[in-house]
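1. mind folding the following:
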Amino acid sequence: MKAAVINQYGDSSQLEVVDIAVPAIKVDEVLVENMATSINPIDYKARQGLLQHMFQWQFPVVLGWDIAGKIIAVGDDVDDFHVGDAVFARPDTDSVGKNGSYAEYTAVKADKLARKPDNVSFEAAAAVPLAGLTALQMLRQLQVTAGQKVLIQAGAGGVGIYAIQLAKKLGAYVATTASLSNHDFVTSLGADRVIDYHQENITEVLSDYDAVFDMVGDIDNGIAILKLGGHFVTISAMLTEAQKQTANKTVETGWLDTNGQDLAILANAIADGTLNIVIDSVYPLTTSGIRSAHERSETHHAHGKIVIQMKKSEKEET
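-> Coordinates of the predicted model:
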């Protein structure tokens, strides 16, 4: 099968599409023929070698954490999914780095799968799992409810796009940070208040917030705008002990717990039209395509998710 691999850490030129073996599946897994995957910031950070403290991978490494495709084989213990099902997932991270999603086939544990909504393409579905699950679970950790005020940092980013929509779905008042060029975009997602981080410090314009979802490492300022009893979660920085022990405020790091149940929640929201998927661009699974996709991600100027297309859907082929 074709897969994009790296043989050492470095810049985008380390990415190369080569032929490797199709992964074997275990009894609790399925084999998915991938139609699409997507790019997340963690991808280029992993490629650069910044996550070596987390993953002890063995080269060549196949990166990628999102899949959308069709099941072509099922393990003996899998009952809920069948050959031919259209699915999407954020698979478990492979301990040796061989089972990433930048490939034509990926082995996925059945409990990480959800059925793809019929009203979206494989390319759109591939843009959801990691970012959408992160948004859903962090809002849950923040205990966001109707009528609360929540700040979502970096609202135009891959996670922010979903977090704004999901917070509004919960009935919250949503503030977000974005560059001036993205103000109309995040407003279209439902943001009630947009702060241009180039011009304003959040502590100068926001106060008494119930929840802060940090994706930019603005820890102290985020904590400062919380009301007593408020909740703060970051996915982008290490907290100090002093920050964790802030009096009368809950300050935590957020970690993704990938699972099919939460992905099914997102699938239902997509199916009923209350959660929209925003795609910035689509690239082919070629050496030049995957390199260009990483370079696009590293600009931090993508409007929505960057997608890699492995195979055109049947509708596109006819």
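2. buried ones in stretch 41-59?
-> Buried residues in stretch 41-59, counted by 16 or more other Cβ atoms under 10 Å: 41-44, 46-48, 57. From N, CA and C alone the C-beta is placed, and that goes for glycine too.
3. no, scratch that, I was asking about stretch 19-30
-> For stretch 19-30, the neighbour count (16+ other Cβ under 10 Å) marks 20, 22-23, 25, 29-30 as buried.
4. mind putting the residues you listed in JSON lines, pLDDT, secondary structure and distance to A247 included?
-> Conversion of those to JSON lines gives the following (pLDDT from 0 to 100; DSSP: H, G, I helix; E, B strand; the rest coil; distance: Cβ to Cβ, whole Å):
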{"residue": "I20", "pLDDT": "97", "secondary structure": "coil", "distance to A247": "53"}
{"residue": "V22", "pLDDT": "97", "secondary structure": "coil", "distance to A247": "55"}
{"residue": "P23", "pLDDT": "96", "secondary structure": "coil", "distance to A247": "50"}
{"residue": "I25", "pLDDT": "98", "secondary structure": "coil", "distance to A247": "50"}
{"residue": "E29", "pLDDT": "98", "secondary structure": "strand", "distance to A247": "47"}
{"residue": "V30", "pLDDT": "98", "secondary structure": "strand", "distance to A247": "48"}
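5. now, which of the residues you listed sits nearest T234?
-> Using Cβ to Cβ, E29 comes nearest to T234 of these, at 32.5 Å.
6. need the contact list for that closest one.
-> E29 is in contact with 75, 78, 107-110, counting by Cβ atoms under 8 Å, 6 or more residues apart in numbering.
7. closest one of the buried residues of stretch 41-59 to I67?
-> Nearest member of those to I67, counting by Cβ to Cβ, is D43, at 13.4 Å.
8. need the helices for the stretch 101-250 of the chain, in chain order.
-> Along the stretch 101-250 of the chain, the stretches classed as helices by DSSP state H, counting those that start in this stretch are 122-126, 129-141, 158-169, 183-189, 202-205, 219-224, 241-244.
9. elements contacting the first one?
-> Here helix 122-126 touches strand 29-39, strand 67-74, strand 86-89, strand 279-284, strand 305-309, going by 3 or more Cβ pairs under 8 Å, 6 or more residues apart in numbering; DSSP states H and E.
10. what residues does it touch?
-> Here helix 122-126 makes contact (Cβ under 8 Å, 6+ apart) with 35-38, 66-69, 86, 88, 116-117, 277, 279, 282, 307-309, 313.
11. which among those residues count as buried?
-> Neighbour counting with 16+ other Cβ under 10 Å marks 35-38, 66-69, 86, 88, 116-117, 277, 279, 282, 307-309 as buried within the contacts of helix 122-126.
12. save the helices of the stretch 101-250 of the chain as JSON lines, and put in mean pLDDT, distance to Q148 and mean neighbour count too.
-> As requested, these are exported to JSON lines (pLDDT from 0 to 100; distance: least, Cβ to Cβ, whole Å; neighbours: other Cβ atoms under 10 Å):
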{"stretch": "helix 122-126", "mean pLDDT": "98", "distance to Q148": "30", "mean neighbour count": "27"}
{"stretch": "helix 129-141", "mean pLDDT": "98", "distance to Q148": "10", "mean neighbour count": "24"}
{"stretch": "helix 158-169", "mean pLDDT": "97", "distance to Q148": "9", "mean neighbour count": "25"}
{"stretch": "helix 183-189", "mean pLDDT": "97", "distance to Q148": "18", "mean neighbour count": "17"}
{"stretch": "helix 202-205", "mean pLDDT": "97", "distance to Q148": "17", "mean neighbour count": "14"}
{"stretch": "helix 219-224", "mean pLDDT": "98", "distance to Q148": "15", "mean neighbour count": "19"}
{"stretch": "helix 241-244", "mean pLDDT": "98", "distance to Q148": "22", "mean neighbour count": "12"}
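13. list the contacts for G100?
-> Going by Cβ under 8 Å, 6+ apart, G100 touches 3, 61-65, 94, 106.
14. where's the dip in pLDDT among the residues you listed?
-> When those are compared by pLDDT, D94 scores lowest at 89.
15. check the gap between the residue nearest to the spatial centre of the chain and Q309 for me.
-> Nearest to the mean C-alpha position of the chain, by Cα atoms, centre = their mean, lies A131 at 1.9 Å. For A131, the distance to Q309 equals 18 Å [Cβ to Cβ, to the nearest Å].
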